[in-house]
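Undergrad: pasting the sequence and the predicted model now:
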Number of protein chains: 2
Amino acid sequence: MININTLKNRRQKLANLINFPVVLWSGKSPSKNFKANHYPFRASSHFLYFAGIPIENAAIKLENGKLDLFMDNPSPDSTLWHGEMPTREDIAREIGANSAYPMEVLKDQIDDVATIPVQDIFTYEKQQKMLQRSLSINKASKEIDNQLMKAIISLRLTHDETALKEIRKAVNVSVEAHKIGIKSTKKCSTEAEVRAVMESYIISKNMICAYNSIVTINGEILHNETYHNSLKSGDLLLADVGAETALGWASDITRTWPVNGHFSSSQRDIYDVVLAAHDTCIEAIKPGVEYREIHLLGAKIMAEGLVNLGILKGDPETLVEKDAHAIFFPHGIGHLLGLDVHDMEDLGDLAGYEEGRTRSDRFGLGYLRLDRPLKAGMVVTIEPGFYQVPAILNHPQFKEKYDQDINWDKLKQLSDVRGIRIEDDILVTETGTEILTQNLPTQAENIEEMMR
Amino acid sequence: MININTLKNRRQKLANLINFPVVLWSGKSPSKNFKANHYPFRASSHFLYFAGIPIENAAIKLENGKLDLFMDNPSPDSTLWHGEMPTREDIAREIGANSAYPMEVLKDQIDDVATIPVQDIFTYEKQQKMLQRSLSINKASKEIDNQLMKAIISLRLTHDETALKEIRKAVNVSVEAHKIGIKSTKKCSTEAEVRAVMESYIISKNMICAYNSIVTINGEILHNETYHNSLKSGDLLLADVGAETALGWASDITRTWPVNGHFSSSQRDIYDVVLAAHDTCIEAIKPGVEYREIHLLGAKIMAEGLVNLGILKGDPETLVEKDAHAIFFPHGIGHLLGLDVHDMEDLGDLAGYEEGRTRSDRFGLGYLRLDRPLKAGMVVTIEPGFYQVPAILNHPQFKEKYDQDINWDKLKQLSDVRGIRIEDDILVTETGTEILTQNLPTQAENIEEMMR
Ligand SMILES: [Mn+2]
Ligand SMILES: [Mn+2]
């Protein structure tokens, strides 16, 4: 299942970049109602990158390409409840560790080590106590932590074959989940039923969801995690659903389809604008291209399309310069994908933004999560969207600024287009791109065909 | 959806039991990979009991039957991402709050209040900081906290009609999930596929799982949360799966069925022993009966059945006295059910054990989660089981102690019976019981019938 050579390779590459020891913790599953009723365990991604498998309550020390594993053996009592579990030695062998010790040995081995704070607060407190220094979540607290973060980012920005194999596995399951969702919708009467069909496929392949699914007729609510609406003929359904493999690698796919199997003409018009932006962005991807330029290209195609439909007025380039596209497309064109759905977002913008760059304060750029030149081996999403967000359209400040750029009468005719997004996962290759999600149709007519 | 009169009634009943103010926090959803990729929010059960609905990052102050709500309004930015959300005033109205304030007001109102620590560590730290005292998770840190816990337990031990309505909703969805699981198994080839079918039904009804499902051919691993095995003809499948309503009320059901639709004769023999224990325990339930006696009755029926099958040797009562039943039935007969699947287990044994009682150190009693006289309005599970746990059967100490009580040759003929459990949810009524899960068959022949 796991590839020890890859893991050793990653450890060695880290050693080539830094000359101090590192300790990474895996974390533990947070309690829900009470200790025994916990959320499913999800190991820290940085731990997973070097250890390969999720091991609860463990730590690894990385130094000169070597890995020492720290974990306690399961208690005899836990054998009764959890069955025969692998011992520390079993796991050390499985992940190619150089040595393995009980957890308590670690505290004598962590003078002056660098670390990355985990998300699980219980372990985070433990990290601070063991290291006898305070850590800020989402940023480096010490210069060696900063160097470690940058070194890990430089490794995780591009994917080795083992990682790509896992991402492909996650993608393939998500593609099928979307196909089943699209095909089943005419038989479903609620958002929850479509969600059930899609997540059920992921569960049946023994994977989990990489993030909380969005399955909604209110696509304009960008982070909608409720599923209580009924489906009505004439609604568009937006589904952003992605699987994660057992080893923690993610996928991230969005499709938008008509509940009744047929896009109305207004829905089709806007859908095709979003799709044009999607296709043009993907075609433009190749090593060396700035992802920010891809975003702005997407914005321009969106603006052009909306001008052609008479919704925006004026010159597309000028509209983008004044962020008028962002009225309808307020988020970024995509993000890094890997062990995390927004890869390495636990490090704030350190991973997403090239050194020396920071978030723009422009309305049409500030939500961009990735601003780096693309490199072969990166996996990014491309996910343009069109939304009628009441909080934007009714905002006095926006209304005043963009009043002359929008044909409000025309916009009124689009009341059945609340939110459309089309999202694919793209591997940057030496020569251009490989669309990992290519088996899932994007064309409106192909989606209608699938629903027949 | 929520019943304000019930909530006010609960608040007044609390005021009748204590004469000091109380502050309860709702908690927040823990981060998974990074801040924006979080686990689904699950409010603290004590908060839910008095506030009625899950509100993230909120607190309530309860005093003299009145409730003050503390929460911040959604930020303008969050409207962009999460849509129009109810304001503090909207929510205050919905839950029948007497007043509502921003969170920062709370810190001036929490001198000498009692509280219960939440499970979410982030909020738990906040609780301690605001109260300027340290709290232990799972136990009272101050005499008023202890009094508060006991008062809340005395309320939550028996359920009002609003609570029962929610529990029935959760039960009904779980019953259907089990029916679909049983009916679909012959078409499934892995544990994960059966799990998908069952959880899918729960998701389709816009509910969540009240706990991590167990769906396994290794029923002898009591807390098995992996689903990677293939199903083989001759295997028994044990499924412990329960839904939770949107307001947080739980259900908890286990059934065990043959993958190929037919119990083998050894499986049927043991199944019927477990079922006899199950039925006899449920028949014995009525107000005033000690739950511990129900457990011991279940143990006796198990021992009798195993003696009749020639697996145990000797007098059943004597075997139970020396805990020989626990070789095969090592856990308790059940637990309280309510807002938590093990209701109020966040308070340790304070809820499960009558004042002055503590866990037994007997092997056959120490895992019992409930030791109180039953009262009308309680909901408990009854879940006897038979397991061949290698960690017990191969344990030198147990082997020696019980060597003469077990017919090892006979036991060898039961190699296709690794784990069987039958679990129902029972409401204690004035006159006896109502089996809330009665629509789900328990008889082996009825299960075989469903699979045809
Ligand atoms: Mn995405
Ligand atoms: Mn149970």
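TA: Now that the structure is in, tell me what you want to look at. Ligands and ions are numbered 1, 2, ... in the order given.
Undergrad: which residue, other than its chain neighbours, is closest to the residue sitting furthest away from the middle of chain A?
TA: Going by C-alpha atoms, centre = their mean, the residue of chain A most distant from its centre is residue A:76, 38.8 Å out. For residue A:76, ignoring the flanking residues on the chain, the nearest one in space by C-beta to C-beta, 6 or more residues apart in numbering or on different chains is residue B:391 at 7.4 Å. Every C-beta, even on glycine, is put in place using the N, C-alpha and C of the backbone.
Undergrad: just to revisit the earlier point, for the residue farthest from the centre of chain A, what are phi and psi?
TA: Residue A:76 adopts backbone torsions of phi -60, psi -40, taken as degrees, to the nearest 10.
Undergrad: just to check, residue A:91 is in contact with residue A:73?
TA: No - look at residue A:91 against residue A:73 with C-beta atoms under 8 Å: they stay out of range, at 9.7 Å.
Undergrad: more neighbours: which of those two?
TA: The neighbour comparison of residue A:91 against residue A:73 (other C-beta atoms under 10 Å in any protein chain shown) goes to residue A:91, with 19 against 15.
Undergrad: give me the spatial nearest neighbour of the more buried one, chain neighbours excluded.
TA: residue A:55 (6.1 Å).
Undergrad: pull the contacting residues for that neighbour.
TA: If you count contacts by C-beta atoms under 8 Å, 6 or more residues apart in numbering or on different chains, residue A:55 has them with A:26, A:43, A:69, A:71, A:91.
Undergrad: and what of residue A:186?
TA: Contacts of residue A:186 by C-beta under 8 Å, 6+ apart are A:259-261, A:451.
Undergrad: tell me the contacts of the residue nearest to residue A:230 when sequence neighbours are not counted?
TA: Closest residue to residue A:230 apart from its sequence neighbours, by C-beta to C-beta, 6+ apart: residue A:190 at 5.4 Å. Residue A:190 sits next to A:227-231, B:204, B:206 when contact means C-beta under 8 Å, 6+ apart.
Undergrad: ok, residue A:16 next?
TA: If you count contacts by C-beta under 8 Å, 6+ apart, residue A:16 has none.
Undergrad: now do the buried residues in the helix or strand hosting it.
TA: In this assignment (DSSP states H and E), residue A:16 forms part of helix A:4-17. Using 16 or more other C-beta atoms under 10 Å in any protein chain shown as the test for burial, helix A:4-17 gives A:6-8, A:10-11, A:14-15.
Undergrad: out of those, who's nearest residue B:398?
TA: Checking the buried residues of helix A:4-17 against residue B:398 by C-beta to C-beta gives residue A:7 as the nearest, at 39.9 Å.
Undergrad: return the per-residue confidence for the closest one.
TA: pLDDT, residue A:7: 98.
Undergrad: same thing with the one 10 residues further on?
TA: Reading off the per-residue confidence, residue A:17 sits at a pLDDT of 98.
Undergrad: residue contacts, the nearest residue to residue A:301 once chain neighbours are set aside?
TA: Ranked by C-beta to C-beta, 6+ apart and with sequence neighbours excluded, the top spatial neighbour of residue A:301 is residue A:277, at 4.1 Å. By C-beta under 8 Å, 6+ apart, residue A:277 lies in contact with A:298-299, A:301-302, A:305, A:329, A:384.
Undergrad: how does it look with 7 Å?
TA: Each residue near residue A:277 by C-beta atoms under 7 Å, 6 or more residues apart in numbering or on different chains is listed here: A:298, A:301-302, A:384.
Undergrad: what of residue A:64?
TA: Neighbouring residues of residue A:64 by C-beta under 7 Å, 6+ apart: residue A:15.
Undergrad: which helix in chain A runs the most residues?
TA: Counting by DSSP state H, the longest helix found in chain A is helix A:161-184.
Undergrad: domain parsing for chain A?
TA: Domain ranges of chain A: A:4-156, A:161-450, per automatic domain parsing.
Undergrad: can you redo those as a markdown table with distance to residue B:104?
TA: Shown next, in a markdown table, are the domains of chain A (distance: least, C-beta to C-beta, whole Å):
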| stretch | distance to residue B:104 |
| --- | --- |
| domain A:4-156 | 22 |
| domain A:161-450 | 24 |
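Undergrad: quick one: mean pLDDT over the longest helix of chain A.
TA: 98.
Undergrad: just how off-centre is that helix within its chain?
TA: How far helix A:161-184 lies from its chain's middle: 14 Å, per C-alpha atoms, centre = their mean, to the nearest Å.
Undergrad: and what of stretch A:337-349?
TA: Centroid separation between stretch A:337-349 and its chain, computed with C-alpha atoms, centre = their mean, is 7 Å.
Undergrad: first to last residue in that stretch, what's the distance?
TA: 14 Å (C-alpha to C-alpha, to the nearest Å).
Undergrad: quick one: contacts of it?
TA: The contact list for stretch A:337-349 (C-beta under 7 Å, 6+ apart) reads A:45, A:48-49, A:119, A:138-139, A:149, A:153, A:156, A:159, A:163, A:210-211, A:242, A:248-250, A:252, A:335-336, A:351, A:359, A:369, A:379-381, A:425, B:33-34, B:36-37.
Undergrad: near ligand 1 too, which of those?
TA: The subset of those within reach of ligand 1, by C-beta under 5 Å from the ion, is A:252, A:381.
Undergrad: can you tell me which of the contacts of stretch A:337-349 are buried?
TA: Neighbour-count burial (16+ other C-beta under 10 Å) applied to the contacts of stretch A:337-349 gives A:45, A:48-49, A:119, A:138, A:149, A:153, A:156, A:159, A:163, A:210-211, A:242, A:248-250, A:252, A:335-336, A:351, A:369, A:379-381, A:425, B:33-34, B:36-37.
Undergrad: so which of those sit within helices?
TA: Checked against DSSP H, those include these in helices: A:45, A:48-49, A:149, A:153, A:156, A:163.
Undergrad: what residue lies at the spatial centre of chain A?
TA: Nearest to chain A centroid, counting by C-alpha atoms, centre = their mean: residue A:341, 1.9 Å.
Undergrad: tell me which residues in stretch A:282-300 are buried?
TA: Going by 16+ other C-beta under 10 Å, stretch A:282-300 has these buried residues: A:282, A:284-285, A:287, A:289, A:291-292, A:294-300.
Undergrad: ok so, going back, which of the buried residues of helix A:4-17 lies closest to ligand 2?
TA: Comparing the buried residues of helix A:4-17 against ligand 2 with C-beta to the ion places residue A:7 closest, at 39.2 Å.
Undergrad: the residue of the stretch 251-400 of chain A found nearest ligand 2 is in what secondary structure piece?
TA: Closest to ligand 2 within the stretch 251-400 of chain A is residue A:341: 33.4 Å, counting by C-beta to the ion. Using DSSP H and E, residue A:341 sits within no helix or strand.
Undergrad: residue A:237 now?
TA: Per DSSP H and E: strand A:236-241 holds residue A:237.
Undergrad: next, the angle helix A:161-184 makes with the helix holding residue A:16.
TA: 120 degrees (axes from the mean of the first three to the mean of the last three C-alpha atoms, to 10 degrees).
Undergrad: and helix A:4-17, C-alpha only, in CSV?
TA: In CSV, the C-alpha atoms belonging to helix A:4-17 read as follows (Å, rounded to 0.1, in the frame of the first residue of the first chain):
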residue,chain,number,x,y,z
ILE,A,4,8.9,3.2,1.5
ASN,A,5,11.3,4.4,-1.2
THR,A,6,9.2,7.4,-1.9
LEU,A,7,9.0,8.1,1.9
LYS,A,8,12.8,7.8,2.2
ASN,A,9,13.2,10.0,-0.8
ARG,A,10,11.0,12.7,0.7
ARG,A,11,13.0,12.5,4.0
GLN,A,12,16.3,12.8,2.2
LYS,A,13,15.1,15.8,0.1
LEU,A,14,14.1,17.5,3.3
ALA,A,15,17.6,16.8,4.7
ASN,A,16,19.1,18.5,1.6
LEU,A,17,17.2,21.7,2.4
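Undergrad: so which elements touch the following helix or strand past it?
TA: For helix A:4-17, the following helix or strand on the C-terminal side (DSSP H and E) is strand A:22-25. Judged by 3 or more C-beta pairs under 7 Å, 6 or more residues apart in numbering or on different chains; DSSP states H and E, strand A:22-25 is in contact with helix A:45-51, strand A:59-63.
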